[in-house]
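Visitor: sequence plus predicted model, see below.
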Amino acid sequence: MSAKVREDLVLSHAVVTAEVEAPFDHVDIAQWLKTLPTHEYQRCAPPDHKAAGYTVDDDGTPMSINVEMIGTGLVVQQYRFEVAEPEYCKMVSLSDVLTPVGWTSTQVIWELRMEQLDGDRCRYTNTVTSHPTEDFLEFIAKNGQTFPEAAEARQEASGRHCRLETPLYAQSIARWAAAHAAAAAA
């Protein structure tokens, strides 16, 4: 099984935005991710989101662990924090995917960004890009599927999933920021 990522191939790419009211000075996506309770994660994309947690990799790099359904695949994501800032996070995962015909893997890059538009009016941008691994390419070939067919199916499933979770993530981040603003004012 080869975990070598084929960055020259895009399995799926989705960019979805949502506007939300949030106290921008208290937005902290990195802290939100590190403290995101499983049940709040589940509320951000029902019924697709199954579980979330926070840990560190062997080298101490912070990691967000997410378990979710994308189309017919159960995806176990081990996102390493590559950029962890209050308004922008970039997470990269070599993700295990359980499909109806077995296990494979893909790379998933998840970018979360909050921009202040005017006062407390903000725009959240959720970007998810997936690249196949060599294992994934061998897996689909063995199961009679071409890369264009797999990419079309993943693009549809990932796009649907991102459209579901983006406004709910935006609202969750806004609630987190509002709670921290209220605590700071107390």
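Guide: That came in fine, so what should we check first?
Visitor: can you give me the buried ones in stretch 118-134?
Guide: By 16 or more other Cβ atoms under 10 Å, the buried positions in stretch 118-134 come out as D120, C122, Y124, T125, N126, T127, V128, T129, S130, H131, P132, T133. Every residue, glycine included, has its C-beta placed from N, CA and C.
Visitor: mind checking the pLDDT average for the host helix or strand of the second one?
Guide: Put plainly, it is C122. Here C122, judged by DSSP states H and E, is contained in strand 121-132. Strand 121-132 carries an average pLDDT of 98.
Visitor: name the helices or strands packed onto it?
Guide: Applying 3 or more Cβ pairs under 8 Å, 6 or more residues apart in numbering; DSSP states H and E, we find strand 121-132 packed against strand 12-21, strand 102-118, helix 147-185.
Visitor: what would the ones you listed look like in CSV with mean pLDDT and distance to E85?
Guide: Putting the helices and strands packed on strand 121-132 into CSV (pLDDT from 0 to 100; distance: least, Cβ to Cβ, whole Å) gives the following:
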stretch, mean pLDDT, distance to E85
strand 12-21, 98, 18
strand 102-118, 97, 9
helix 147-185, 96, 13
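Visitor: excluding chain neighbours, what is closest to the most centrally placed residue in the chain?
Guide: Nearest residue to the geometric centre of the chain (Cα atoms, centre = their mean): W110, 4.6 Å. Leaving aside its sequence neighbours, W110 sits nearest to M91 (Cβ to Cβ, 6 or more residues apart in numbering; 4.4 Å).
Visitor: ok, V76 next?
Guide: D96 (4.5 Å).
Visitor: of all the helices and strands packed on strand 121-132, which one is nearest A52?
Guide: helix 147-185 (11.2 Å; Cβ to Cβ).
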